[in-house]
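1. Can you look at this prediction? I've put the sequence above it.
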Amino acid sequence: MAISGFEGFEKRLELHFVGNDPLGLRRLRCDALAQVLDAVQCTVVSAVGNRCFDAYVLSESSLFVYPYKMVLKTCGTTQLLRSVPCLLRHTVDLGLRLRACRFSRGSFIFPQAQPFPHTSFAEEVLYLDERLPGSLCFRRARVLPSSTSHAWHVYSAAASVEEAAAAGSPSTFTVEVCMTELDQSLARGFFREKGDERSGDAAGADMTDLTGIRGINPRALVCGFAFEPCGYSMNGLDRDRYSTVHVTPEDGHSYASFECTGRWAGGGEVMESLRRAIAVFRPGAVSVSFCMGTGGGGGCEEGQVRSSTAGVLEGLGLSCRSQAVEEFPGMGMVTYQTFTSARRK
Ligand SMILES: C[S@+](CC[C@H](N)C(=O)[O-])C[C@H]1O[C@@H](n2cnc3c(N)ncnc32)[C@H](O)[C@@H]1O
């Protein structure tokens, strides 16, 4: 951990593959996954799977493995992008071909504590540019700004605009929420009692219930883990959709994140999850980023996504301070909105 404090803001990598084996990436052996995570400098603390995907809680955030999609999200001073060369070696052995990659992150609280290749966004982009196969020729790196010092950094690379659009239906989305300045009394719910000798899973299950996290999606199978002396991570599995929450409750640099995937279908369900997740923490500042497939025809329209999001957060006493939108060839549209508590001015 950095001397300054624990860096809650995660780095997130999403990789899409093509192949002929229906199990695809789920065939990756435990020792191969351990090598990939070793390169990043984190470990698995718990794992669960369903018919559609495997979900791992890590010492620093989460990993989701579908047959043709992998999402690796890590916080602290982990070296997320170092997973790429190792992973690509293993996936070639499984007969899988990388067809798209997206890397995203917010602005670090302690940027000086980040090691290579995360010392700057330019370094991260260069690292990926040099290691991704040349066949991923549609590339874009953008920093979506806000009215504060926070910004959303996104890099994407795709082999073909058509191939990627076909694989991600226009109505599928991923939403990433970053919350800081958590309500102190609510953040206390993510500290363990002194002398609590239960396992991280057992203490995590209680935190899931007592803090209201279980209610974010009552249908999900939740795998929660409580760190010592504080901190919490959970993965939720609901059919082919995952959700994940990570909490750094320490006062002064408190942070929580919520992420989920789904289909837009009018947006009611995702907006309700968003409302419940933010209500668990009552943060002073929030950013919400949606990544949506492109192609039109029954999908989610970015203007509608932004106005629904603003409506939900305003209902929680948060005011929209900035909005940005950017298209990434082959990966879709990304929106980025920031909010602060109305009481905070
Ligand atoms: C891994 S969790 C949640 C990560 C998530 N990205 C976040 O920061 O919101 C991080 C919290 O757990 C605490 N923690 C305790 N032991 C830890 C460990 N071995 N590895 C990572 N975090 C640990 C940290 O101090 C922090 O409060």
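-> Yep, it's here. Every value quoted in this text rests on a predicted model; they were computed, and no experiment measured them. Numbering: from 1, shown residues only.
2. Which residue ranges of the stretch 1-150 of the chain form strands?
-> 11-18, 44-49, 54-58, 61-65, 69-74, 97-105, 138-144 (DSSP state E, counting those that start in this stretch).
3. what's the closest of these to the ligand?
-> Smallest distance to the ligand across these (Cβ to the nearest ligand atom): 4.7 Å, for strand 61-65. Placement of C-beta: from N, CA and C, glycine included.
4. next one: that closest one to chain centre, how far?
-> 9 Å (Cα atoms, centre = their mean, to the nearest Å).
5. What mean pLDDT does stretch 99-107 get?
-> Across stretch 99-107, the average pLDDT comes to 97.
6. Now name the helix or strand holding residue 153.
-> Per DSSP states H and E, residue 153 falls inside strand 152-158.
7. what are the phi and psi angles of the residue of the chain found nearest the ligand?
-> The nearest approach of the chain to the ligand comes at residue 231, 1.9 Å away (Cβ to the nearest ligand atom). Main-chain dihedrals, residue 231, degrees, to the nearest 10: phi 110, psi 150.
8. hang on, the earlier thing: may I see the strands of the stretch 1-150 of the chain arranged in a markdown table, with mean neighbour count as well?
-> Below are the strands of the stretch 1-150 of the chain laid out as a markdown table (neighbours: other Cβ atoms under 10 Å):
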| stretch | mean neighbour count |
| --- | --- |
| strand 11-18 | 22 |
| strand 44-49 | 16 |
| strand 54-58 | 23 |
| strand 61-65 | 24 |
| strand 69-74 | 24 |
| strand 97-105 | 22 |
| strand 138-144 | 17 |
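9. I'd like those strands written out as CSV, with distance to residue 310 added.
-> Formatted as CSV, these follow (distance: least, Cβ to Cβ, whole Å):
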stretch, distance to residue 310
strand 11-18, 23
strand 44-49, 34
strand 54-58, 30
strand 61-65, 27
strand 69-74, 25
strand 97-105, 21
strand 138-144, 16
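10. show me what contacts residue 285?
-> The contact partners of residue 285, taken as Cβ atoms under 8 Å, 6 or more residues apart in numbering, are 148, 150, 179-181, 338-341, 344.
11. can you redo those residues as JSON lines with neighbour count?
-> What follows is these, written out as JSON lines (neighbours: other Cβ under 10 Å):
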{"residue": "148", "neighbour count": "13"}
{"residue": "150", "neighbour count": "20"}
{"residue": "179", "neighbour count": "26"}
{"residue": "180", "neighbour count": "21"}
{"residue": "181", "neighbour count": "20"}
{"residue": "338", "neighbour count": "27"}
{"residue": "339", "neighbour count": "27"}
{"residue": "340", "neighbour count": "21"}
{"residue": "341", "neighbour count": "18"}
{"residue": "344", "neighbour count": "11"}
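12. These in helices, which ones?
-> Using DSSP state H, no member of the contacts of residue 285 falls within helices.
13. I'd like those written out as CSV, with pLDDT and distance to residue 54 added.
-> Shown next, in CSV, are those (pLDDT from 0 to 100; distance: Cβ to Cβ, whole Å):
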residue, pLDDT, distance to residue 54
148, 83, 37
150, 91, 32
179, 98, 27
180, 97, 30
181, 97, 34
338, 97, 33
339, 97, 33
340, 97, 37
341, 94, 37
344, 65, 40
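14. So which of these are in strands?
-> In this view, the contacts of residue 285 that belong to strands under DSSP state E are 179-180, 338-341.
15. quick one: which of these is nearest to residue 238?
-> Closest approach to residue 238 among the ones in strands among the contacts of residue 285 (Cβ to Cβ): residue 179, at 21.5 Å.
16. Which residues are in contact with the closest one?
-> Residues near residue 179 by Cβ under 8 Å, 6+ apart: 255-258, 278, 281, 283, 285-286.
17. Just list whatever residues bridge to it.
-> Beta-bridge partners for residue 179, by DSSP bridges, are residue 256, residue 286.
18. ok, it to residue 172 distance?
-> According to Cβ to Cβ, to the nearest Å, residue 179 and residue 172 sit 24 Å apart.
19. can you check residue 35 too?
-> Where residue 172 is concerned, residue 35 sits at a distance of 30 Å (Cβ to Cβ).
20. For the stretch 151-300 of the chain, list the residues in contact with the ligand, please.
-> For the stretch 151-300 of the chain, the residues in contact with the ligand (Cβ under 6 Å from any ligand atom) are 227-228, 230-231, 233, 246-250, 255-257.
21. quick one: which of those residues is most hemmed in?
-> Most neighbours among these, by other Cβ atoms under 10 Å: residue 247, with 29 neighbours.
22. and residue 216, how many neighbours?
-> 24.
23. Could you pull up the residues touching residue 107?
-> 9, 149-151, 153.
24. Would you convert these into JSON lines that also reports distance to residue 304?
-> What follows is those, written out as JSON lines (distance: Cβ to Cβ, whole Å):
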{"residue": "9", "distance to residue 304": "28"}
{"residue": "149", "distance to residue 304": "29"}
{"residue": "150", "distance to residue 304": "24"}
{"residue": "151", "distance to residue 304": "24"}
{"residue": "153", "distance to residue 304": "25"}
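25. Filter those residues down to the buried ones.
-> Neighbour-count burial (16 or more other Cβ atoms under 10 Å) is assigned, among these, to 9, 150-151, 153.
26. and the two most separated of those?
-> 9 and 151 (11.3 Å).
27. that older thread, reformat the strands of the stretch 1-150 of the chain as TSV; add distance to the ligand.
-> Listed next are these as TSV, based on distance: least, Cβ to the nearest ligand atom, whole Å:
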stretch	distance to the ligand
strand 11-18	10
strand 44-49	9
strand 54-58	8
strand 61-65	5
strand 69-74	7
strand 97-105	11
strand 138-144	20
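28. Fine by me, we can end here.
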